[in-house]
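Student: One predicted model, sequence on top.
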Amino acid sequence: MSRPTLKQATGPAFTRILGMGAARGDLVVPNSEIIEPINSSDEWIQQRTGVITRTRASHDISAIDLATEAATEAIAAAGIDPALVDLVLVATISNVQQTPSMAAVVADRIGANPAAAYDLNAACAGYAYAIAQADALIRAGAAHYAVVIGAEKLSDVIDPTDRSISFLLGDGAGAAVVGPSEFPGISETIWGSDGSSADKVGMNATLTQFRDGEAPWPTLRQEGPSVFRWAVWDMAKVARQALDAAGIEASDLAAFIPHQANMRIVDEFAKQLKLPESVVIARDIADTGNTSAASIPLATHRLLRENPELSGGLALQIGFGAGLVFGAQVVVLP
């Protein structure tokens, strides 16, 4: 008995980012407002992290609200009809509901219903992971235009007395529209994980422990020194691999956009990669803070706003965080 031949979808040869959008928390929180609970000082925080202020969202503003605002701007910047968006990906670790997904709600809000929509949890590498997925799915013919969003309201999972990470964190969302391109606009992604170090960054309790009265509301914690060493030394190697996979040199870059984890990590990265002075380095952490999955698109949006001449140039972006997980690729800036 002969078997009928199945049809398989095929898509365009190349993709690129067509537009960016951003939404930061409406509250500006300076170091002076958070130092007392952690028995610290403005000087200590700036020297250790480079953070001067961070943006956080008011009680009634959700991560979904931030994601919707960022996505709406990205679609307008891309110049496409929202109805053409058939894939919405939201990278987040702060959805306060296990289900439904943030992505499905955002897809409806932005006029992309009935787009395929799902959330992904890859912490601070989430945006890089989602860009990799959007690129692959479009080139495979599974989607035509994708909205990729990193969205976090980390103030919901902060213990104000925690000295390991709480003072770093902010709220915000960044979004990109990915679509077909006549030239390569997103390089091969170098990504991976190391679950053997899962205890280095993450929540200090489970929801079931909270439910059973065995632990307080789960909040983020990290082993700062261990994470710093991993981010600086191991992630510099990943960044070099991403450059090699893209077939370019560091001197070919217009911008370097690492996850905004800590200014010292950003600066050390630049040294490790021997970036020339011509490469513009994202330092959004100074007044936005660490926004996990939202940090790379937020930093990209700011770079393009403040340096419009970067449009069309190459940017190396790399995310890394809880899991441990990492992802890096070179993109053509919209």
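Tutor: Looks like it came in fine.

Student: which residue is nearest the centroid of this protein?
Tutor: With the centre of the chain defined as its mean C-alpha position, the nearest residue by Cα atoms, centre = their mean is Ala293, 3.0 Å away.

Student: ok, it - contacts?
Tutor: Going by Cβ atoms under 8 Å, 6 or more residues apart in numbering, Ala293 touches 91-93, 122-127, 150-152, 319. Using the backbone N, CA and C atoms, a C-beta is placed for each residue, glycine as well.

Student: In CSV: those, plus pLDDT.
Tutor: Output for the contacts of Ala293, formatted as CSV (pLDDT from 0 to 100):
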residue, pLDDT
Ala91, 98
Thr92, 98
Ile93, 97
Ala122, 97
Ala123, 97
Cys124, 97
Ala125, 98
Gly126, 98
Tyr127, 98
Gly150, 98
Ala151, 98
Glu152, 98
Gly319, 98
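
Student: which of the residues you listed lies closest to Ile186?
Tutor: Tyr127 (12.5 Å; Cβ to Cβ).

Student: Could you give me the buried positions within the host helix or strand of that closest one?
Tutor: For Tyr127, the host element (DSSP states H and E) is helix 126-139. If you call a residue buried by 16 or more other Cβ atoms under 10 Å, then helix 126-139 has these buried ones: 126-135, 137-139.

Student: Render the CA-only coordinates of that helix in CSV, please.
Tutor: Provided in CSV are the C-alpha atoms of helix 126-139 (Å, rounded to 0.1, in the frame of the first residue of the first chain):
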residue,chain,number,x,y,z
GLY,A,126,14.9,34.3,27.6
TYR,A,127,14.9,37.0,24.9
ALA,A,128,17.9,35.5,23.1
TYR,A,129,16.2,32.1,23.3
ALA,A,130,12.9,33.6,21.9
ILE,A,131,14.8,35.4,19.0
ALA,A,132,16.3,32.0,18.1
GLN,A,133,12.9,30.4,18.1
ALA,A,134,11.2,33.1,16.1
ASP,A,135,14.0,33.0,13.5
ALA,A,136,13.8,29.2,13.2
LEU,A,137,10.0,29.0,13.1
ILE,A,138,9.7,31.7,10.4
ARG,A,139,12.4,30.1,8.2
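
Student: that older thread, out of the contacts of Ala293, grab the one that's most surrounded.
Tutor: Ranked by neighbour count under the definition other Cβ atoms under 10 Å, the contacts of Ala293 are headed by Ala151 with 37 neighbours.

Student: got a list of what it touches?
Tutor: 63-64, 66-67, 70, 90-92, 94, 102, 172-174, 293-294.

Student: So which of the contacts of Ala293 are in strands?
Tutor: 91, 150-152, 319 (DSSP state E).

Student: ok, which pair from those residues is furthest apart?
Tutor: Ala151 and Gly319 (14.1 Å).

Student: got a list of contacts for stretch 179-188?
Tutor: Residues from elsewhere that reach stretch 179-188, judged by Cβ under 8 Å, 6+ apart: 11-12, 14-18, 78, 80, 131-132, 135, 138, 144-146, 178, 242, 245-247, 329-332.

Student: Please repeat the previous calculation with a cut-off of 7 Å.
Tutor: Here stretch 179-188 makes contact (Cβ atoms under 7 Å, 6 or more residues apart in numbering) with 12, 14-18, 78, 131, 135, 138, 145, 245-246, 329-332.

Student: ok, which stretches of this protein are helices?
Tutor: Ranges of helices in the chain, per DSSP state H, are 42-49, 63-78, 102-109, 126-139, 207-211, 224-229, 235-246, 263-273, 285-288, 295-306.
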